[in-house]
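Asker: Kindly return the folded structure for what I paste below:
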Amino acid sequence: MKKLLFLFDTDEMPSVFDTVVGYDGGADRVTGYANVTPDKVGALVDGTIYTRGGKDKQNTAIFVGGGNMAKGEALFEKVKKSFFGPFRVSVMLDSNGSNTTAAAGVALLAKAMPLKGKKAVVLAGTGPVGMRAAGFLGMEGADVTITSRTKERAEEAAKVIEKRFGIKVSGAAGATDEERAAAVKDANIVYSAGAIGVQLLPKSAWENNPNIELLADVNAQPPLGVEGIEATDKGKDYNGKLAFGALGIGGLKLKLHRACIAKLFESSEGVYDAEEIYALAKEMA
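Answerer: Model prediction:
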């Protein structure tokens, strides 16, 4: 009985990255479908739930991906609603790698020191990784602020995070170096979740800041999101500030992604979204 993983991707082409990790996570066969939408996914789900019975069902699983978290969440909900009774298989959501990347980063921060009561700022916090990181930081009891190019956009994303995770999040403007430096002035934790190759925080904004204790950056392509740290940093001490770079976080992210894939095949009832993936990340960290 082969372990079959079906990628339901909301983008124009199924993700090569998710396909490779699917195999590395233990799938015998990975099949990707592109441009999958909630109104089209029903027949695909039917193919996964009606073809095997009993314990054999655990050898079929679904992975919902793509670059857009909102589309992924809508598709994920439709997949789950298509299940009933014993007619279900395990399913995982990781649009844009946001759940696994954010979970790995925050889990490493939480391992480094307790986050409860700390002031956390997520730079470029309106993207998939930033929004998930903000949610996980809030789950740890941190006081979270996210930045965007406009305060209005940041506040809109904050409302989405609040609704999803049941935590309070603030929004702040972060279009310029000056605005971002002001946003992190009183922060204890800085999590940079910007686009590839975009510097969000100059070294001058953090190296002499007595409040900052933890730094995380998920951008691995120069220039890095946080100037002055290295992509390979994994808890490196910069004059009392512990830094985690994209490759330092990425090692755990990949292990976490593979572990989640493996768990999909342990039963036919697994549901892996933010909370479940973050719980596993904390165990693995």
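Asker: Going by neighbour count, list what's buried in the longest helix along the chain.
Answerer: Scanning the chain for the helix with the most residues, using DSSP state H, yields helix 246-264. Of the residues in helix 246-264, those buried under the neighbour-count criterion (16 or more other Cβ atoms under 10 Å) are 246, 248-250, 252-261, 263-264. Where C-beta positions appear, they are placed from N, C-alpha and C, glycine not excepted.
Asker: That helix packs against which elements?
Answerer: Here helix 246-264 is seen to pack against helix 16-24, strand 60-65, strand 90-93, helix 98-112, strand 234-238, strand 271-272, helix 274-284 when contacts are counted using 3 or more Cβ pairs under 8 Å, 6 or more residues apart in numbering; DSSP states H and E.
Asker: will you turn these into JSON lines that also has mean pLDDT, distance to Lys159 and mean neighbour count?
Answerer: Formatted as JSON lines, the entries for the helices and strands packed on helix 246-264 read as follows, by pLDDT from 0 to 100; distance: least, Cβ to Cβ, whole Å; neighbours: other Cβ atoms under 10 Å:
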{"stretch": "helix 16-24", "mean pLDDT": "98", "distance to Lys159": "29", "mean neighbour count": "17"}
{"stretch": "strand 60-65", "mean pLDDT": "98", "distance to Lys159": "23", "mean neighbour count": "27"}
{"stretch": "strand 90-93", "mean pLDDT": "98", "distance to Lys159": "20", "mean neighbour count": "25"}
{"stretch": "helix 98-112", "mean pLDDT": "98", "distance to Lys159": "18", "mean neighbour count": "27"}
{"stretch": "strand 234-238", "mean pLDDT": "98", "distance to Lys159": "33", "mean neighbour count": "14"}
{"stretch": "strand 271-272", "mean pLDDT": "98", "distance to Lys159": "25", "mean neighbour count": "20"}
{"stretch": "helix 274-284", "mean pLDDT": "98", "distance to Lys159": "17", "mean neighbour count": "19"}
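Asker: List just the one of the ones you listed that sits closest to Met1.
Answerer: Between Met1 and the helices and strands packed on helix 246-264, the shortest gap by Cβ to Cβ is with strand 60-65, which sits at 9.4 Å.
Asker: now that closest one and helix 98-112, what's the angle there?
Answerer: For strand 60-65 against helix 98-112, the angle by axes from the mean of the first three to the mean of the last three Cα atoms, to 10 degrees is 80 degrees.
Asker: mean confidence for the next helix or strand after strand 60-65?
Answerer: Helices and strands here follow DSSP states H and E; after strand 60-65, the next one along the chain is helix 69-81. Along helix 69-81, the predicted confidence averages to a pLDDT of 96.
Asker: Who is Asp237 paired with across the strands?
Answerer: Legend: beta-bridge partners of Asp237 under DSSP bridges are Leu242.
Asker: okay, now Gly130: neighbour count?
Answerer: Look at Gly130: counted by other Cβ atoms under 10 Å, it has 26 neighbours.
Asker: tell me the SS of it?
Answerer: helix (DSSP: H, G, I helix; E, B strand; the rest coil).
Asker: contacting residues around it?
Answerer: Contacts for Gly130 were tallied using Cβ atoms under 8 Å, 6 or more residues apart in numbering; they are 102, 122-124, 146, 191, 193-194.
Asker: Show me which of those has the smallest pLDDT value.
Answerer: Lowest in pLDDT among the contacts of Gly130 is Gly194, which has 93.
Asker: from memory that one sits against Leu200, does it?
Answerer: Yes. Contact criterion Cβ atoms under 8 Å: Gly194 and Leu200 qualify, at 4.7 Å.
Asker: okay, and the common contacts of these two?
Answerer: Residues touching both Gly194 and Leu200 (Cβ under 8 Å, 6+ apart): 123-124, 225.
Asker: Name the member of those residues with the most neighbours.
Answerer: Gly225 leads these on contacts (other Cβ under 10 Å) with 29 neighbours.
Asker: ok, for that residue, nearest residue in space, not its chain neighbours?
Answerer: Ser192 (3.5 Å; Cβ to Cβ, 6 or more residues apart in numbering).
Asker: Burial check on that neighbour, number of neighbours?
Answerer: Burial of Ser192 is recorded as 31 neighbouring residues (other Cβ under 10 Å).
Asker: And for Asp94?
Answerer: Taking other Cβ under 10 Å as the neighbour definition, Asp94 ends up with a count of 30.
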